[in-house]
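Q: next comes the sequence, and after it the predicted model I'd like to discuss.
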Amino acid sequence: AIQMTQSPSSLSASVGDRVTITCRASQGIGNDLGWYQQKPGKAPKFLIYAAASLQSGVPSRFSGSGSGTDFTLTISGLQPEDSATYYCLQDYNYPRSFGQGTKVEV
Amino acid sequence: EVQLVESGGGLVQPGGSLRLSCAASGFTLSMFWMTWVRRAPGRGLEWVANINEDGSQKNYADSVKGRFTISRDNGRNSLYLQVNRLTAEDTAVYYCARDSNYCDRGGHCYDAFDIWGQGTLVTVSS
């Protein structure tokens, strides 16, 4: 099974900052990677697919990049409502696997 | 409104069973793969299982294989997860999600869990 490793596990930043979350796959997965946001007590929200394609309605301050084994999620111009835990998910093969999550505190 | 609503969670003793349900509305269930994801207390998201449009293909996480069974009834607009031989490790909020295909211009398609339910809590304890 493919292991997905995120870093850091948590971070604290200020409004307007640029933050970057890294996700590393234990083997190459092309660009078969998505990003999800989960706020406390809420269901996850789908943000990005194909490593870099923004889901409709997601603010443009969110962006993704990477391919192969190394991927990043960047939030440019952090907003208070971006406080959440972010997860990467590989959809390259089964079983699907999430990263362990990165908690972002604004 | 496109919506998924889970039910069936609760307190169950170790070794027990439950049947989780997910009611879909606002879209044609039979056109989509569907997925179950769980989040244990203090832990991250864990993919559990998925099922194709007509129920003929199913995939499971290693941690639940042989104990959990995913199924669907498109006529009832419903997805199910039968969970057996439960242990404390299965305590979690269980979410159902629509598993959509997003395809690029080259025809490569990507899975995305684009609609989620609010979750149902399963607690395994004596």
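A: Thanks, I have it.

Q: excluding chain neighbours, what is closest to A:Ser63?
A: A:Thr74 (5.0 Å; CB to CB, 6 or more residues apart in numbering or on different chains). C-beta here means a position set from N, CA and C on the backbone, and glycine is covered the same way.

Q: can you pull out the strands in the chain?
A: Unless you meant another one, I'm taking chain A. A:4-7, A:10-12, A:18-25, A:33-38, A:45-49, A:53-54, A:62-67, A:70-76, A:84-90, A:97-98, A:102-105 (DSSP state E).

Q: oops, chain B please
A: Using DSSP E, strands in chain B cover B:3-7, B:10-12, B:18-25, B:33-39, B:45-51, B:58-60, B:68-73, B:78-83, B:92-103, B:109-116, B:120-124.

Q: buried ones in the second one, by neighbour count?
A: By neighbour count, with 16 or more other CB atoms under 10 Å in any protein chain shown as the criterion, the buried positions of strand B:10-12 are B:Val12.

Q: what is it packed up against?
A: strand B:120-124 (3 or more CB pairs under 8 Å, 6 or more residues apart in numbering or on different chains; DSSP states H and E).

Q: ok so, going back, okay if I get the strands of chain A as JSON lines plus distance to B:Phe68?
A: Formatted as JSON lines, those follow (distance: least, CB to CB, whole Å):
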{"stretch": "strand A:4-7", "distance to B:Phe68": "21"}
{"stretch": "strand A:10-12", "distance to B:Phe68": "31"}
{"stretch": "strand A:18-25", "distance to B:Phe68": "25"}
{"stretch": "strand A:33-38", "distance to B:Phe68": "22"}
{"stretch": "strand A:45-49", "distance to B:Phe68": "23"}
{"stretch": "strand A:53-54", "distance to B:Phe68": "31"}
{"stretch": "strand A:62-67", "distance to B:Phe68": "31"}
{"stretch": "strand A:70-76", "distance to B:Phe68": "29"}
{"stretch": "strand A:84-90", "distance to B:Phe68": "19"}
{"stretch": "strand A:97-98", "distance to B:Phe68": "17"}
{"stretch": "strand A:102-105", "distance to B:Phe68": "28"}
